[in-house]
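Visitor: okay, here's the prediction I keep looking at, along with the sequence it came from:
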Protein chains: 2
Amino acid sequence: MKLYDLELSGNCYKARLFAALAGIKLELVPVDFMAGEHKQAPVIDLNPLGELPVLSDGEVTIRDSQAILVYLASKYADESWYPKAPAEQAEVVQWLSTAANEIQNGPGAARLVDKFGFDLHKESALAVSAKILPILEAQLTAHEWLALGRPTIADCAVMPYVGLSHEGGVSLESYPHIRAWIDRIKALPGFISMPAL
Amino acid sequence: MKLYDLELSGNCYKARLFAALAGIKLELVPVDFMAGEHKQAPVIDLNPLGELPVLSDGEVTIRDSQAILVYLASKYADESWYPKAPAEQAEVVQWLSTAANEIQNGPGAARLVDKFGFDLHKESALAVSAKILPILEAQLTAHEWLALGRPTIADCAVMPYVGLSHEGGVSLESYPHIRAWIDRIKALPGFISMPAL
C-alpha cells in the first residue's frame, strides 16, 4: 500500500501518523513538491486536484487526507478509531469536516502563506484560526479527546495543522488545553512526529 | 428527530434534500438567522460553532451538514447512499471533504458575500470556485454521479452550493456536465428544491 507523500505536508502527516498509531504499514513514495511532481503523472492521474497525499492500495485509489483516514481505519484498524455505529461515527465525522474546512483554511492556510509563499489571503486564515481555536480549546477543556472520549481519527485529522500553527504565525499560548491534548497525542504508543511539530 | 433549520442555507438544504430523497421524516425547527438565534440557546448549546444545521435525535446531537448526512444515511437509509465497505465509503467521503472545503469556501462563500453581506474575501472565494468547478466538470463528464456510479450522500453534499453559485456571481455556463448532473438530481424521486435553486 503506497502513500504518495510529502514530508512537510500536514495532510500527508495525518495518514503517516494514524498508520503509525494503528500499526498499519505504508510504503511512502516521496513526491517532489517543489519540482511540481504532484501536478504531473502519476499523481495527477490519481488525484485530479493535484494534491497530496494520495493512497494507492491495489485497485483502490483515495485522495483527501480525511478519506484516507476513513479508509485505513475501516479497513485495517480496530473499530475504536472509527466506529460503525451511526451516532459515534457521525461524532467523528463532524471533526473530519472541521479538519477539512476550518483547520485547513485557518492555521493550515496561514502556514502555506508564511512557510511556502502561497498566494492565499493571510487575514482570512488568521480570522478562521481565531474563530476555531477557542472552540477547540473549549472542547478540549471539557474532554480529553475530540470525540468519543478516546483517540480517534478525528484527533489525527485535526491535530497536525494545529500543532504546526506557529509556522503560520498563529500562537497556541492562550490555549493550554489544546497544548495538553497535543502532548497526549504525542504520548500515544507508536506516535511519530514531523518537522516543526 | 429535529433539524434546526434555515430555509436559505445550502447546508441545511443538504439535510432536507437527503431526508426527502431517502424518505426520512425530519421535524424542521426554523431558526431566525437574521435575529442571531443561531448564536443563542438552544442552538449555541447544541453547536458551539453557532452554525446551522444541527440535528437532534433523542440523545444524539450532530452538527455539521456532512456529519448529519452520514448519520441519517447510516442510521435510517438503505446502504446504497453511504456504503460501509471501506473503499466505497472512502470514495464518498472524499467528496464530503470537497463539500466542506472547496465548495463551502468557493461558491458557498461567494454567495455569503453577495447575498448576505458576510465579510469574507470574495476574490479568494472566486479563486477556489475557479479551481474546483473544472474538476467537478471533468468528474461529471466521465461519470453520471460523483461517486460509485449512483446517487449517494456525496451528491447531496456537493450539489447545493454549486446549484446556488449564480447567487455569488459564479456562472455554470461553461460547465454543461455540472448542469446536467444538477438536472439528474432534480429528477430523482422525492426531490425537493430550495429558493433560487
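Guide: Perfect, thanks for sending it.

Visitor: other SSEs contacting the least confident helix or strand in chain A by mean pLDDT?
Guide: Ranked by mean pLDDT, DSSP states H and E, the helix or strand of chain A with the weakest confidence is helix A:43-46, at a mean of 92. For helix A:43-46, the packing partners by 3 or more Cβ pairs under 8 Å, 6 or more residues apart in numbering or on different chains; DSSP states H and E come out as strand A:54-57. C-beta here means a position set from N, CA and C on the backbone, and glycine is covered the same way.

Visitor: now the strand it packs on: average pLDDT?
Guide: Model confidence over strand A:54-57 averages 98 on the pLDDT scale.

Visitor: tell me the buried residues in the helix or strand just after that strand?
Guide: Reading on from strand A:54-57 to the C-terminus, the next helix or strand found by DSSP states H and E is strand A:60-63. Within strand A:60-63, the residues that qualify as buried are A:Thr61, A:Ile62, A:Arg63, counting by 16 or more other Cβ atoms under 10 Å in any protein chain shown.

Visitor: and for stretch A:53-62?
Guide: Using 16+ other Cβ under 10 Å as the burial criterion, the residues of stretch A:53-62 that qualify are A:Pro53, A:Val54, A:Leu55, A:Ser56, A:Asp57, A:Thr61, A:Ile62.

Visitor: got it, and stretch A:174-192?
Guide: Of the residues in stretch A:174-192, those with enough neighbours to count as buried (16+ other Cβ under 10 Å) are A:Tyr175, A:His177, A:Ile178, A:Arg179, A:Trp181, A:Ile182, A:Arg184, A:Ile185.

Visitor: stretch A:154-174 now?
Guide: The neighbour-count criterion (16+ other Cβ under 10 Å) identifies A:154-170, A:172 as the buried residues of stretch A:154-174.

Visitor: how far does that stretch stretch from start to finish?
Guide: From its first residue to its last, stretch A:154-174 covers 22 Å (Cα to Cα, to the nearest Å).

Visitor: please tell me how far the closest residue to A:Gly108 other than its chain neighbours sits from chain B.
Guide: Distance criterion Cβ to Cβ, 6 or more residues apart in numbering or on different chains; nearest residue to A:Gly108, sequence neighbours excluded, is A:Tyr161 at 4.0 Å. According to Cβ to the nearest Cβ, to the nearest Å, A:Tyr161 and chain B sit 13 Å apart.

Visitor: and for A:Ala100?
Guide: For A:Ala100, the distance to chain B - Cβ to the nearest Cβ - is 4 Å.

Visitor: my guess is that residue is in a helix, correct?
Guide: Yes: checked against DSSP: H, G, I helix; E, B strand; the rest coil, A:Ala100 lies within a helix.

Visitor: residues near it, how many?
Guide: Around A:Ala100 sit 28 other residues, with neighbours defined as other Cβ atoms under 10 Å in any protein chain shown.
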